[in-house]
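**Student:** I'd like to go over a predicted model; first the sequence, then the structure.
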Amino acid sequence: MKKTCLAIIAALVIALGGVIYMFGLRGQVRESDDGRTAILLSAGERDLMLSEMRGFLEAVQEIAEALPQGDMKTVAEAAARVGRVDLNDLPASLLRKLPGEVKKLGLNTHYKFHQLSKDVKNGLAKEKVLPRLAGIMTNCVGCHAGYRLDLEPGAGKP
């Protein structure tokens, strides 16, 4: 009886581990023809992700324009705008579909923008902003090099 209970518990732990891997780490993905991992999303989830990435890019552009002018207020504001993230605002379905590495890169990118804004507000020298921005862009390039957003089967064309 004791061995049977242990076997059932072990099977449940393994099954739970598989579910956590599939929905928490692996996400809803497939290999794509260009060698990147395709993340399979609904049209709305894909639009949300693309909007988020455009926000990052717009902030980079705004910072790049403000920096040569010495407009550190705009640098801080642009970074702060994309530095905020509330996971409660994101659909649970989207969070389940994103691989762990994409979630990690996304959160780290928000954090780095937040930290840049905070540091600029606290007097970070203008000369130190561009190297920090390059570090943020490393996240963006890494994510785009490894992943792409595809519509899940049956989601239709955007």
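**Tutor:** Here it is on my side, so go on.
**Student:** going on from the longest helix seen in the chain, what's the next piece of helix or strand?
**Tutor:** The longest helix of the chain (DSSP state H) is helix 43-69. Per DSSP states H and E, the first helix or strand lying C-terminal to helix 43-69 is helix 72-83.
**Student:** which residues are contacting that following helix?
**Tutor:** 55-56, 58-59, 62-63, 65-67, 110-117, 120-121, 126, 129 (C-beta atoms under 8 Å, 6 or more residues apart in numbering). For the C-beta atoms, the positions are set from N, CA and C on the backbone; glycine is no exception.
**Student:** can we see that at 6 Å?
**Tutor:** Applying C-beta atoms under 6 Å, 6 or more residues apart in numbering, the external contacts of helix 72-83 come out as 55-56, 59, 62-63, 66, 110, 113-114, 116-117, 120-121.
**Student:** circling back to that earlier point, other SSEs contacting the longest helix of the chain?
**Tutor:** helix 72-83 (3 or more C-beta pairs under 6 Å, 6 or more residues apart in numbering; DSSP states H and E).
**Student:** if we can go back for a sec, and the contacts of helix 72-83, which of them are buried?
**Tutor:** 56, 59, 62, 63, 66, 110, 113, 114, 116, 117, 120 (16 or more other C-beta atoms under 10 Å).
**Student:** Low-confidence stretches in the protein?
**Tutor:** 1-26, 155-158 (pLDDT under 70).
**Student:** let's see 80
**Tutor:** 1-26, 154-158 (pLDDT under 80).
**Student:** On the secondary structure side, give me the element for the most centrally placed residue in it.
**Tutor:** Closest to where the C-alpha atoms of the chain average out (C-alpha atoms, centre = their mean) is residue 106, at 2.1 Å. Taking DSSP H and E as the criterion, residue 106 maps to helix 100-121.
**Student:** what's that helix packed up against?
**Tutor:** helix 72-83, helix 129-146.
**Student:** Any idea which of those gets closest to residue 50?
**Tutor:** Of all the helices and strands packed on helix 100-121, helix 129-146 sits nearest to residue 50, with 11.7 Å by C-beta to C-beta.
**Student:** what's the following helix or strand after that closest one?
**Tutor:** strand 147-151.
**Student:** Let me see the residues that make contact with that next one.
**Tutor:** 32, 36, 37, 38, 39, 40, 41, 46, 49, 102.
**Student:** This completes my enquiry, with thanks.
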